[in-house]
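J.: Here is the input, now give the coordinates:
(chains A and B)
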Amino acid sequence: GQNIDQPTEMTATEGAIVQINCTYQTSGFNGLFWYQQHAGEAPTFLSYNVLDGLEEKGRFSSFLSRSKGYSYLLLKELQMKDSASYLCAVRVFTGGGNKLTFGTGTQLKVEL
Amino acid sequence: DTEVTQTPKHLVMGMTNKKSLKCEQHMGHRAMYWYKQKAKKPPELMFVYSYEKLSINESVPSRFSPECPNSSLLNLHLHALQPEDSALYLCASSQDGADGYTFGSGTRLTVV
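T.: Predicted coordinates for the structure are as follows:
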């Protein structure tokens, strides 16, 4: 099985920077994804890391350390619309193919 | 077309009913997935189809029966469900690359 852990809740101020951490323990690692999900909506893809290092995409960056089983999502210049659940998801390769398993999710609240 | 379309958006069914959830994508993705999401929880993988064949079943009860009629369609047949099966059912598709999984907006199922 896999353990994928994230903080349950975080609060940050509009315009600030926030870092959401994710730790995982798994075998057959084949990539780590970050998704954003607003209440009642589908998850939307934010970023993907398969090699160690930082991937930057506009206001969002994601970092991966495979040896430490650790990733973070960095959100800059926070906006009110960034209030949502942020899901770390690990893709593993199994005998049946790839499967994507989600972490517990972090509920981010952006305040004025 | 870069969407995954799910129908119906909402479904209320009795415990003796038989119903089906439908999912469609026209992105040429070779893998399709069913996830179940309870309130304030992350999505949980149920089934994976790869090249129209069932490749992963996450020990889902037989009252849920998936079907992949062709590479663009994925169905989930429901029979004799329990009230605890009430949840948001999400369909997703992917090419298993770096572009992530594309999720549909889900079917909100209520079993009464």
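J.: quick one, strands of chain A?
T.: Assigned by DSSP state E, chain A shows strands spanning A:3-5, A:9-13, A:18-25, A:29-37, A:44-49, A:53-57, A:60-65, A:70-75, A:84-94, A:97-102, A:106-111.
J.: can you put the ones you listed in CSV and add mean neighbour count and distance to B:Leu81?
T.: Where you see a C-beta, it was placed from the backbone N, CA and C, and this is true even at glycine. Below are the strands of chain A laid out as CSV (neighbours: other Cβ atoms under 10 Å in any protein chain shown; distance: least, Cβ to Cβ, whole Å):
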stretch, mean neighbour count, distance to B:Leu81
strand A:3-5, 16, 28
strand A:9-13, 14, 32
strand A:18-25, 18, 32
strand A:29-37, 22, 24
strand A:44-49, 18, 28
strand A:53-57, 12, 40
strand A:60-65, 19, 37
strand A:70-75, 20, 35
strand A:84-94, 21, 26
strand A:97-102, 20, 23
strand A:106-111, 17, 29
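J.: Helix or strand: which one has the most centrally placed residue in chain B?
T.: In chain B, the residue lying closest to the centroid (Cα atoms, centre = their mean) is B:Trp34, at 3.2 Å. Per DSSP states H and E: B:Trp34 is located in strand B:31-37.
J.: Now do the helix or strand just after that strand against strand B:31-37: the angle between them, please.
T.: For strand B:31-37, the following helix or strand on the C-terminal side (DSSP H and E) is strand B:44-50. If you take axes from the mean of the first three to the mean of the last three Cα atoms, to 10 degrees, strand B:44-50 sits at 170 degrees to strand B:31-37.
J.: Output the contacting helices and strands for strand B:44-50.
T.: Counting contacts by 3 or more Cβ pairs under 8 Å, 6 or more residues apart in numbering or on different chains; DSSP states H and E, strand B:44-50 packs against strand A:97-102, strand B:31-37, strand B:53-57, strand B:64-70, strand B:73-79.
J.: That one: how far from the chain's middle?
T.: 8 Å (Cα atoms, centre = their mean, to the nearest Å).
J.: shaky segments in chain A?
T.: A:1 (pLDDT under 70).
J.: For B:Leu81, give its distance to A:Ala42.
T.: To A:Ala42, B:Leu81 is 22 Å away according to Cβ to Cβ, to the nearest Å.
J.: same thing with A:Phe93?
T.: 25 Å.
J.: Can you give me the neighbour number for A:Ala16?
T.: Neighbourhood size, A:Ala16 [other Cβ atoms under 10 Å in any protein chain shown]: 12.
J.: nearest residue to it other than its sequence neighbours?
T.: In space, A:Ala16 comes closest to A:Leu78 once its chain neighbours are excluded; the distance is 5.3 Å by Cβ to Cβ, 6 or more residues apart in numbering or on different chains.
J.: So which bits of chain B are right by chain A?
T.: With the criterion set to Cβ under 8 Å from any Cβ of the partner chain, chain B comes near chain A through B:31, B:33, B:41-45, B:48, B:50, B:55-56, B:90, B:94, B:96, B:98-106.
J.: Give me the buried subset of these.
T.: Burial by neighbour count, judged by 16 or more other Cβ atoms under 10 Å in any protein chain shown, picks out B:31, B:33, B:42-45, B:48, B:50, B:55-56, B:90, B:94, B:96, B:100-106 from the residues of chain B next to chain A.
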